[in-house]
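[1] below: sequence and its predicted model.
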Amino acid sequence: MFEIKTKIAVLVSGSGSNLQAIIENIENRSLNCEISYVIADRDCYAIERAKNYKIRTVVLERKIFGKRLSEEINLLLKNTDEEISYIILAGYLSILSKEFIQDWNKKIINIHPSLLPKYGGRGMYGLKVHKAVLENGEKKSGCTIHYVDSGIDTGKPIMKMEVPVLKNDTPETLQKRVLEKEHILLIEGIKKLISR
């Protein structure tokens, strides 16, 4: 019997390919958890992906809630009938408040498309990361799973996965190869988190 032990919330802002990787690994039973909520800070395709699997979705738009966004997410997660253990940031672009992070200390992880601490911080997301990697002539890049702290991409790393930078890479080709590794690393990071 496959017993569900852990409930998670996944926060998203974009297409949701990392969310899809989580869903598929839950479906094929290689990941022993359940997604209670998918929460987005804008209208995005990730929400459609979640709806396709009948997962509860909520859009709390940053442009509407502003500085109250983290508070609204917390109210939602704390006032549900389900006990949510962890929060996974899967391409979530809004900055969470210090109070929120303290409340969920060591229970929030993020996936970042570089080998942190390189190419992290404010403004470093999406193609901007890969463009910077190429402009600086790096020989390797990759992705990092890390705990979320009150800084931006400064939390303690959990796991990393390297990707070689190829001679003819563009930001788009590098992004595609790093993303393939993100899908693998994110699952490993969640397994490690929920088995603590």
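    Right, received. Where do you want to start? Residues are numbered from 1 along each chain as shown.
[2] can you tell me how far residue 60 is from residue 153?
    22 Å (Cβ to Cβ, to the nearest Å). C-beta: built from backbone N, CA, C; applies to glycine.
[3] CA atoms only: put the lowest-mean-pLDDT helix or strand in the chain into CSV for me.
    Taking mean pLDDT, DSSP states H and E as the measure, the helices and strands of the chain show their lowest mean at helix 62-65, namely a mean of 92. In CSV, the C-alpha atoms belonging to helix 62-65 read as follows (Å, rounded to 0.1, in the frame of the first residue of the first chain):
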residue,chain,number,x,y,z
ARG,A,62,1.7,40.3,-6.9
LYS,A,63,0.3,43.4,-8.6
ILE,A,64,-2.8,43.2,-6.5
PHE,A,65,-1.5,42.1,-3.1
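[4] show me the contact partners of the following helix or strand past that helix.
    For helix 62-65, the following helix or strand on the C-terminal side (DSSP states H and E) is helix 69-78. Contacts of helix 69-78 with the rest of the structure, by Cβ atoms under 8 Å, 6 or more residues apart in numbering, involve 9, 11, 37, 39, 41, 58, 60, 62, 65, 84, 87, 94, 96-97, 99-100, 103.
[5] hang on, residue 8 packs against residue 84?
    Yes - judged on Cβ atoms under 8 Å, residue 8 makes contact with residue 84 at a distance of 6.6 Å.
[6] quick one, domains of this protein?
    For the chain, automatic domain parsing gives the domain ranges 1-105, 115-144+159-196.
[7] could you list the buried residues of stretch 95-112?
    95-97, 100-101, 104, 107-112 (16 or more other Cβ atoms under 10 Å).
[8] what's the closest of these to residue 132?
    If you rank the buried residues of stretch 95-112 by distance to residue 132 using Cβ to Cβ, residue 112 comes first, at 12.8 Å.
[9] now do the contacts for that closest one.
    Counting by Cβ under 8 Å, 6+ apart, residue 112 has contacts 120, 129, 143-144, 146, 153.
[10] rerun that using 7 Å as the cut-off
    If you count contacts by Cβ atoms under 7 Å, 6 or more residues apart in numbering, residue 112 has them with 120, 143-144, 146, 153.
[11] so it bridges to which residues?
    residue 144 (DSSP bridges).
[12] likewise residue 37?
    With DSSP bridges as the rule, residue 37 is bridged to residue 9.
[13] got a list of what the most centrally placed residue in the chain touches?
    Nearest to the geometric centre of the chain sits residue 90, at 2.1 Å (Cα atoms, centre = their mean). Going by Cβ under 7 Å, 6+ apart, residue 90 touches 10-12, 18-19, 22, 111, 186.
[14] do residue 103 as well
    Neighbours of residue 103 in contact, by Cβ under 7 Å, 6+ apart: residue 74.
[15] what's the distance between the nearest residue in space to residue 147 that is not next to it in sequence and residue 171?
    Distances taken as Cβ to Cβ, 6 or more residues apart in numbering place residue 155 nearest to residue 147, at 4.0 Å, with adjacent residues excluded. Separation of residue 155 from residue 171 (Cβ to Cβ) stands at 25 Å.
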